[in-house]
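J.: 3D, please:
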Amino acid sequence: MSLTASTLQRAMPGLSADRANLYLPFLRKAMIERGITTPKRAAAFLAQLGHESGSLVFFEEIWGPTAAQLTYQGRMGNNSPGDGKRYKGRGPIQLTGRNNYRLFSKLLGLPLEAKPETAAKPGVGFRTAALFWQRIDANRLADAGNFREITQRINGGQNGAPDRERRHAAILALGPKAVLPELTREEKWREELRKRRAQLKTEVVPSTRSFLMRRIDELKRALRRARRRRAHPPAPIG
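T.: Prediction:
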């Protein structure tokens, strides 16, 4: 058993089936990318994401501005007029402040500083959250069972600790493998196809280029067959 749309809904109370299915592939890939791949790490990560985003409902800070939001201007690299709002919190663990948008742009190779609104998209937001998790050394803390310190590093205090703890306990109760991220066969093919194409661009050895081209063709055919099966499923027997 691994992380599915159904188990994601159980881990995120109130999450709709449509949103669970939409978010699942982006979430799985982000978790795998940052090594959030053991029962303790996955449970802690999802519990913290659930609290920070209201069970993956909020991917963008609601702007008032409140008194606290007004203090964004002039801090965190927000030095140009309007930067406070422009670089408000986005993603399931909210990326906030121009300095952080600039840093994560560099680390992920994405134009987050130039296009900050993209950080609220699931395909980007889960990656920024997982990268933040890695940067605060949360995998090590999860391995050690130090959930309280993870909260401290995310929040700067213990705000919402009871809800975080309840979510954590509920996810652990689903079972040790219930929320482990695992790519589907098609996702693995697409990931390999991306890597093989990138490799082909720089490969100069004829025999290796020939192998790469054959493998790319095989992967493309496999993906086409999979798409056809989804579009035209076999009729039920009987």
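
J.: how about the contacts made by T151?
T.: Q48, Q158, G160, A161, R164 (CB atoms under 8 Å, 6 or more residues apart in numbering). Any C-beta I mention is one placed from the backbone N, CA and C, and that applies to glycine too.

J.: looking at this, it is in a helix?
T.: Yes. Using DSSP: H, G, I helix; E, B strand; the rest coil, the secondary structure at T151 is a helix.

J.: now the lowest-mean-pLDDT helix or strand in the chain: buried residues?
T.: Within the chain, no helix or strand scores below helix 185-202, which has a mean of 91 by mean pLDDT, DSSP states H and E. For helix 185-202, the neighbour count (16 or more other CB atoms under 10 Å) marks W189, R190, L193, R196 as buried.

J.: distance of the third one relative to P181?
T.: To tie it back to what came earlier, the one meant is L193. 20 Å (CB to CB, to the nearest Å).

J.: so where's the longest helix in this protein?
T.: The residue-count maximum for a helix in the chain (DSSP state H) belongs to helix 206-231.

J.: that one - contacts with which helices or strands?
T.: Here helix 206-231 touches helix 185-202, going by 3 or more CB pairs under 8 Å, 6 or more residues apart in numbering; DSSP states H and E.

J.: other SSEs contacting the helix it packs on?
T.: Helix 185-202 is packed against helix 17-33, helix 206-231, with contacts defined by 3+ CB pairs under 8 Å, 6+ apart.

J.: what about 6 Å?
T.: helix 206-231 (3 or more CB pairs under 6 Å, 6 or more residues apart in numbering; DSSP states H and E).

J.: buried set for the helix it packs on?
T.: L212, I216, L219, A222.

J.: next, the angle from it to helix 185-202.
T.: Helix 206-231 and helix 185-202 meet at an angle of 150 degrees, taking axes from the mean of the first three to the mean of the last three CA atoms, to 10 degrees as the criterion.

J.: same question for helix 206-231, mean pLDDT?
T.: For helix 206-231, the per-residue pLDDT values average out at 94.

J.: number of residues surrounding N78?
T.: 22 (other CB atoms under 10 Å).
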